[in-house]
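K.L.:
following is a predicted model, sequence given first.
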Amino acid sequence: MSKIDIRALLTEKAPLIDKIIEKYVPKKYNEDSLIFSCGKPRYAFNTEAPNKALSDPVWDMLSRGGKRWRPTLFLLIVEALNGDIDKVGDFVIIPEVVHNGTLMIDDIEDDSKIRRGKPCTHIKYGIDIAVNAGNFMYYVPLLPLMRNAKLPAEKSVKVYETYLQEMINIGFGQGMDIAWHRGIANADAVTEEEYLQMCAYKTGTLARMSAKIAAILADGSEEQIEAIGKLAETVGIAFQIQDDILNLIPSGVSKTKGCCGEDITEGKRTLMVIHTLREGGEDGKRLVEIINMHTENQSLRDEAIGIMKKNNSIEYSKEFARTLVQDAWNDVDKLLEPSEAKDKLCAFARFLIERDI
């Protein structure tokens, strides 16, 4: 298998994905696009209000970048199962738009100030706009499903059920994470398995949603749908683990300023923290003490990072993520015929756990 440039693949797919999103969430609503979204008005539309309160904040978030890896995963799975991209490609907007909606809401929950280098939506537009726009982004990407009269009823129902189950899951995952880092549940007793389940619901769920919907639309077998869904969930978990690792490593602006470890300030129980608590003895007690301070003091955050490094928790987490994805890939490997798309899918899964962005 020749080396596959996943960064180039993500860059290549992003304009296509954004074009599809704009088809259903226009940058500027007019009478026709409002009728398409909402049906004919009983009274009269005002086009300025939805543009100011919905389209502007939604596209402000989307235009900030992001890797678009969930919809790219969708496209690779459809291709690997010999599905027709032209017929089902519009469904890529579901995981991407929902994901960006969760970011808007997450930033309010975390009282964040910056998202992708710019003021968060609730800072720029107000909390009321951000909450409404974020919730809007949970449902508007279902328009391709609602407006697709050619999709067989049985397949349509399976897509709906997949979407609904994963949206329920993501609420549970976010709830677990909030309860632990706010200290309203016994975070210090969280096990590795419990942490993985939180990740499967919080980060794995949108990847699993994307993958399973892609496999359903591409006429995958039940065995393929489940195995591909598990792979995507695992990739999502590994993505979260790598995100947590990168949070402890200075990069970009934080490298210049010599700061990192915002997760420590938030009190997050990551795999590295859980490993250190299990293996570190007195080190673990000191780590919990620092995490429970919710401190922004960089010296204390550096001390916490040093404790995790000393106990090999970062390396442990990296290897854990690699093993997790490899095991899930082995299950998928035997269910897909050899193809360039399959090779890309394999390379894609590995990229997301080895990335430095």
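P.N.:
Perfect, thanks for sending it. Numbering: from 1, shown residues only.
K.L.:
after the lowest-mean-pLDDT helix or strand in the chain, which helix or strand is next?
P.N.:
Across the helices and strands of the chain, the lowest-confidence element by mean pLDDT, DSSP states H and E is helix 252-257, at a mean of 42. On the C-terminal side of helix 252-257, the nearest following helix or strand under DSSP states H and E is helix 262-266.
K.L.:
who's in contact with that next one?
P.N.:
Helix 262-266 is contacted by residues 110, 181, 244, 247-248, 270, 290-291, 294-296, 300-301, 304-305 when judged by Cβ atoms under 8 Å, 6 or more residues apart in numbering. C-beta: built from backbone N, CA, C; applies to glycine.
K.L.:
correct me, but residue 20 touches residue 97?
P.N.:
No - Residue 20 is not in contact with residue 97 according to Cβ atoms under 8 Å; the separation is 10.0 Å.
K.L.:
more crowded one of those two?
P.N.:
residue 97 (24 against 19; other Cβ atoms under 10 Å).
K.L.:
can you map out the strands along this structure?
P.N.:
114-115, 118-119 (DSSP state E).
K.L.:
tell me which of those strands sits most buried.
P.N.:
Looking across the strands of the chain with neighbours counted as mean count of other Cβ atoms under 10 Å, the highest average goes to strand 114-115: a mean of 16.
K.L.:
that strand pairs with which strands?
P.N.:
Strand 114-115 has the following strand partners under DSSP bridges: strand 118-119 (antiparallel).
K.L.:
nearest residue to residue 136 in space, please, no chain neighbours.
P.N.:
Excluding the flanking residues, the one nearest residue 136 by Cβ to Cβ, 6 or more residues apart in numbering is residue 54, at 5.7 Å.
K.L.:
my read: the one you found touches residue 130, true?
P.N.:
No - using Cβ under 8 Å, residue 54 and residue 130 do not qualify as a contacting pair, with a distance of 11.2 Å.
K.L.:
comparing these two, which residue is more hemmed in?
P.N.:
Legend: neighbour count by other Cβ under 10 Å for residue 54 and residue 130, higher for residue 130 (22 against 19).
K.L.:
contacting residues around that one?
P.N.:
Remark: with contacts taken as Cβ under 8 Å, 6+ apart, residue 130 is in contact with 57, 104-105, 107-108, 120-122.
K.L.:
poorly predicted segments of this protein, please.
P.N.:
1-2, 251-259, 356-357 (pLDDT under 70).
K.L.:
follow-up on the earlier one: residue contacts, the residue nearest to residue 136?
P.N.:
Residues in contact with residue 54, defined by Cβ under 8 Å, 6+ apart, are 29, 132-133, 136.
K.L.:
go on, residue 295?
P.N.:
With contact taken as Cβ under 8 Å, 6+ apart, residue 295 is in contact with 264-265, 301.
K.L.:
quick revisit: most neighbours among the contacts of residue 130, which one?
P.N.:
Ranked by neighbour count under the definition other Cβ under 10 Å, the contacts of residue 130 are headed by residue 121 with 28 neighbours.
K.L.:
tell me how far the closest residue in space to that residue that isn't next to it in sequence lies from residue 143.
P.N.:
The shortest distance from residue 121 to any non-neighbouring residue, by Cβ to Cβ, 6+ apart, is to residue 130 (4.2 Å). Distance of residue 130 to residue 143, computed by Cβ to Cβ, to the nearest Å: 21 Å.
K.L.:
just the helices from the stretch 201-350 of the chain, written as ranges.
P.N.:
204-217, 222-246, 252-257, 262-266, 271-279, 282-291, 298-310, 313-333, 340-354 (DSSP state H, counting those that start in this stretch).
K.L.:
tell me the most buried of the ones you listed?
P.N.:
Highest mean neighbour count among these (mean count of other Cβ under 10 Å): helix 204-217, a mean of 28.
K.L.:
what packs against that one?
P.N.:
Using 3 or more Cβ pairs under 8 Å, 6 or more residues apart in numbering; DSSP states H and E as the contact definition, the elements that helix 204-217 packs against are helix 69-80, helix 85-88, helix 93-109, helix 153-182, helix 222-246.
K.L.:
tabulate the ones you listed (CSV), appending distance to residue 351.
P.N.:
Rendered in CSV, the data for those read as follows (distance: least, Cβ to Cβ, whole Å):
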stretch, distance to residue 351
helix 69-80, 9
helix 85-88, 21
helix 93-109, 17
helix 153-182, 23
helix 222-246, 10
